[in-house]
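Student: Below are the sequence and a predicted model for it; my questions follow.
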Amino acid sequence: MTLVQELRDLLGDERVLSDPLRTHVYGKDAGIRRGEVLAVVLPASTAEVVALVGIAARHGIPVVPRGAGTGLAGGTVPTSPSLVVSLTKMTHFDVDVESRSAWVEAGVLNLDLSEHAAGHGLHFAPDPSSQAACTIGGNVANNSGGPHCLAEGTTVNHVLAVEVVTARGEVVVLGGEAPDPIGLDLRGIVVGSEGTLGIVTRALVKLTPNPPAARTLLADFARVEDAAATVSGVIAGGIVPAALEMMDRLMTTAVERFVGAGFPTDAAAVLLAEVTGHPAAVEAEADLIRAVAESNGAGRVRVAADEGERALLWKGRKAAFGAVAQTAPDYYLHDAVVPRTRLVEVMAKVYEIADRFDLAMMNVFHAGDGNLHPLMAFDASQDGVMDRVQTAADELVEVCVAAGGALSGEHGIGLEKRDLMPLVFSQADLDAQARLAEAFDPDGLFNPEKVLPAGSRCFDLGRPVPAGTWI
Amino acid sequence: MTSLKSALQGRLGAFLSEPIEGLPEEAAVVAPSTLDEAAVILTLASKHTLPVLVWAGGTHQGLGGRVDPAIVLSTARLNTIVDWQPDDLTVVVEAGVRVADLEERLAERGQTAVLPEVPGDGTVGGAVAGGISGFRRLRFGPTRDRVLETDLVTGDGRIVRGGGRVVKNVTGYDLPRLAAGSLGSLGLIGRVCLKLWPLPQETRTVTLPEPRPDYGYRPLAVVEEPDRVLVFLAGTPAEMDARTAELGGRCERGLLWPGQPEGAIRLSLRVVPRLLREALTRIPSSWGYQALPGVGEVRVGASSFQLESFRELRHWAEGHGGALVVTDAPAEVYELVDPWGTPPASMDLQRRVVARFDPDRVVNPGRLPGSL
């Protein structure tokens, strides 16, 4: 029996897509790469995932798990004809209000969970800009972040357990509801593994109490360096705000045209800061941020007067990538992270690269975390532009790594940065990661050729392995 | 002196160290000064399948299965604060740095690594390898959340770095998370980068006569003891005034952390947070305890080991997704009961993972659940 026929027997015709017109969209994420899809399945339960993994394994067909496809690093783009498993039909969740946690199926949308939990005064802390569209399963796969990760940490800090279907078709729960589950923390390895170790069907996530009070400030600066220095100054001043976000002039201009959040378009950069907590605390912290901003040459410092104004400022921030679509037909959004004290010098180099390659470079980023998101807007139909974009992107990574940074803060490695991994890891480091992945998925069934470059696994360290050898 | 010990002393002469009190005399004690030296030692151990016990401050040696070592690897000479970047809120330290020494240094610039508050001689490596968290985990999460980078010397002597010195990172598999709480099963955690937090401007300790359903918005820590409740608060001066007024009770300045419950038997009862109240009704009245509401842990101290009560409590905890773990006890207790209890369902996978780092299973063998 053919793969597709077996899958249809399992799931019915409705939930198995093999018509190229319908599978086409699954060959891509929100980035710029495309891969080849053999078929798409939409399982509705863990048991169905187990069964379809068995079928794919018998046919020797790679399995690529997928959430909403909002990723940017090519993590869900198949590298060879694959079975794409879309988890978007798995949308149940149960909130345990007293324990402040929830068991959530992989296809639940990030924002749906927080909106539901809001009725109990709780929320799921990671809040990527794509939170209205992205799934919890995708957040787990990429260890997603978001503006409010500055104080609350990224997804891995908010996932207590994961239910995983392994390459052997086992269903294992890693982690648990009680604190400090005994044994190795395999949960922590699965989070951020980009679907290469197994299929996460459910996660037990921690829910965070909604703060009783918040102050949101917008400060504008005549120089990007002053905004960056304010970021370092606030942290050095002894507070970790709930969020500390920066946008440069090209970006605020685009956002203003798109949503009209009231961002000044004459300033070189704006800083969006938020402090949350006890009503008696937020005032003092907001004052401190204002003082640091002013001492670094801020022009206006605006404090959101009410919840409506606060929501509008955040709408402007989170709509940034949508706004870019009005500027140019194509964009390439980068993700890299540097120690926050190196922000000023790195930003200067980022603009230098944009100038040298004659690219429109906009910046919106999680400045408090040192997490940069340079965005190049362009028209891919112009001759040679893709080469310039790619070369500029590689230079950006090199600048960040040279400043002590990492390749990705929250988007993942996927295909995009796979071959850059040797910039930050030694052969021994990569080999150890490859061995670890093998323990989960010895035959490379799940999302093959992602995260680690070819040749990472060397069986006898110390002897050179020819470049490009996959053994 | 056994011939094995003298042979090892010959081979590892450069790294030999003083004997450690309370450890078997047959074991050769070595204290490498660098990760490369540790790699030499573990390569030798792996080649000859010699069990190695990693020894740091000795404060968490009660955790997990007993190890009968040929080599004791002390982290005493891996004791440097390598790189502290106060403005980045990160610090890189070697495993043998004492928690108390690190926190004292960090406090000079108003920062903390949020490591256990009453550490004794405990080291950073011990806290990370043991997955040991302090009371402040209620507000800042467990220690494992703050391990950004690890330099691991694997059981077979490779030096492997994972993670990075930045606060946010998805660059490859998250080895620091795996290393935290691994109890040496992957090898020696030689060096770590930790995420720091600023120390609060003001702190208060509020003592209440009995537990409450709610202690206000995200207190720093709450410790319920049999006869009192301690609520720890941190923030701005105005916030402290407002919050202590809201709570009532007796208020003192500063953070007056309690010592451990009395008794040679120490247990950790771990349950879903919503079951904490019920768990306390199941603890024999002769046991002392510190319950951490919102976390779901009860730290128990008892002067004698009551096997029946222990078994009943473990049975109940495991039946509800929790565990009852022996964290320290006289040797005979480890012969009566498994310190961890029923191993997790993922043991097969755990074995496969450990085999990728310590194929000959020489570092702290048998320490993990399932005698792994």
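Tutor: Perfect, I can see it now.
Student: buried residues in stretch A:238-257?
Tutor: Residues of stretch A:238-257 classed as buried by neighbour count (16 or more other Cβ atoms under 10 Å in any protein chain shown): A:238-256. The C-beta positions use only the backbone N, C-alpha and C, and glycine is treated the same way.
Student: near chain B, which residues of the stretch 201-350 of chain A show up?
Tutor: With Cβ under 8 Å from any Cβ of the partner chain as the criterion, the stretch 201-350 of chain A comes near chain B at residues A:209, A:211-212, A:232, A:235-236, A:238-240, A:277-281, A:283-285, A:337-341.
Student: In three-state terms, label the nearest residue in space to B:Gly259 that is not next to it in sequence for me.
Tutor: Using Cβ to Cβ, 6 or more residues apart in numbering or on different chains and skipping the chain neighbours, the partner closest in space to B:Gly259 is B:Val118 (6.2 Å). Remark: B:Val118 carries the secondary structure label coil [criterion: DSSP: H, G, I helix; E, B strand; the rest coil].
Student: which ones are touching B:Val118?
Tutor: For B:Val118, the contacting residues are B:134, B:257-260, by Cβ atoms under 8 Å, 6 or more residues apart in numbering or on different chains.
Student: List only those of those residues flagged as buried.
Tutor: Applying 16+ other Cβ under 10 Å to these, the neighbour count classes B:134, B:257 as buried.
Student: Mind picking the two most distant members of the contacts of B:Val118?
Tutor: Between any two of these, the greatest separation by Cβ to Cβ is 13.1 Å, found for B:Gly134 and B:Gly259.
Student: thinking again about what came up before, make a PyMOL selection of whichever of the residues of the stretch 201-350 of chain A next to chain B turn out to be buried.
Tutor: What follows is the PyMOL syntax for the buried subset of those, where burial is set by 16+ other Cβ under 10 Å:
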select buried, chain A and resi 211+212+232+235+236+238+239+240+277+278+280+281+283+284+285+337+338+339+340+341
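Student: where's the residue of chain B found nearest chain A relative to A:Leu312, distance?
Tutor: For chain B, the residue closest to chain A is B:Arg177, as judged by Cβ to the nearest Cβ, at 2.7 Å. B:Arg177 is 37 Å from A:Leu312, where distance means Cβ to Cβ, to the nearest Å.
Student: Which one's more surrounded, those two?
Tutor: Remark: of B:Arg177 and A:Leu312, B:Arg177 carries more neighbours, 27 against 18, as counted by other Cβ atoms under 10 Å in any protein chain shown.
Student: Walk me through the domains of chain B.
Tutor: Taking automatic domain parsing as the criterion, chain B consists of the domains B:3-76+B:355-371, B:81-198, B:265-329.
Student: Deepest in the core, which of those is it.
Tutor: When you average the neighbours per residue for each of the domains of chain B (mean count of other Cβ atoms under 10 Å in any protein chain shown), domain B:81-198 leads with a mean of 23.
Student: and the buried residues of stretch A:238-257, which of them are in helices?
Tutor: A:249-256 (DSSP state H).
Student: Same list as before, the residues you listed that is, but in JSON lines and with pLDDT included.
Tutor: Below are those laid out as JSON lines (pLDDT from 0 to 100):
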{"residue": "A:Arg249", "pLDDT": "93"}
{"residue": "A:Leu250", "pLDDT": "91"}
{"residue": "A:Met251", "pLDDT": "92"}
{"residue": "A:Thr252", "pLDDT": "93"}
{"residue": "A:Thr253", "pLDDT": "92"}
{"residue": "A:Ala254", "pLDDT": "90"}
{"residue": "A:Val255", "pLDDT": "90"}
{"residue": "A:Glu256", "pLDDT": "91"}
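Student: Adding distance to B:Ser309 as columns, could you present those residues in CSV?
Tutor: As requested, those are exported to CSV (distance: Cβ to Cβ, whole Å):
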residue, distance to B:Ser309
A:Arg249, 68
A:Leu250, 68
A:Met251, 63
A:Thr252, 65
A:Thr253, 69
A:Ala254, 66
A:Val255, 63
A:Glu256, 67
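Student: Can you tell me which of the residues you listed is closest to chain B?
Tutor: The shortest distance between chain B and any of those, using Cβ to the nearest Cβ, involves A:Met251 and amounts to 20.1 Å.
Student: Looks like that closest one contacts A:Phe365 (just checking).
Tutor: No. Between A:Met251 and A:Phe365 there is no contact under Cβ atoms under 8 Å: 9.4 Å.
Student: re earlier: compile the domains of chain B into CSV and extend it with columns for mean pLDDT.
Tutor: Conversion of the domains of chain B to CSV gives the following (pLDDT from 0 to 100):
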stretch, mean pLDDT
domain B:3-76+B:355-371, 94
domain B:81-198, 97
domain B:265-329, 97
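Student: and of the ones you listed, who's closest to A:Pro81?
Tutor: So among those, domain B:81-198 is nearest, using Cβ to Cβ, at 26.0 Å.
Student: if I look at A:Gly192, how far off is A:Asn157?
Tutor: In terms of Cβ to Cβ, A:Gly192 sits 11 Å off from A:Asn157.
Student: who has more neighbours, the two?
Tutor: Each of A:Gly192 and A:Asn157 has its neighbours counted (other Cβ under 10 Å); A:Gly192 has more, 28 against 22.
Student: Give me the spatial nearest neighbour of that one, chain neighbours excluded.
Tutor: Taking Cβ to Cβ, 6+ apart, and ignoring the residues beside it in sequence, A:Gly192 has A:Asn143 as its nearest neighbour in space, at 3.4 Å.
Student: got a list of what that neighbour touches?
Tutor: The neighbours of A:Asn143, taking Cβ under 8 Å, 6+ apart as the test, are A:154-156, A:191-192, A:410, A:412, B:170, B:174.
Student: How many neighbouring residues does the nearest residue to A:Ala254 once chain neighbours are set aside have?
Tutor: Counting by Cβ to Cβ, 6+ apart, A:Ala323 is the residue found nearest to A:Ala254 once chain neighbours are left out, at 4.2 Å. Each residue near A:Ala323 was counted by other Cβ under 10 Å, and the total is 21.
Student: Over to the one 4 residues further on?
Tutor: Residues within reach of A:Thr327, counting by other Cβ under 10 Å, total 18.
Student: Can you tell me the closest non-neighbouring residue to the residue of chain A at minimum distance from chain B?
Tutor: For chain A, the nearest residue to chain B under the criterion Cβ to the nearest Cβ is A:Gly188, separated by 2.7 Å. Take A:Gly188 and drop its neighbours on the chain: the residue closest to it by Cβ to Cβ, 6+ apart is B:Arg177, 2.7 Å away.
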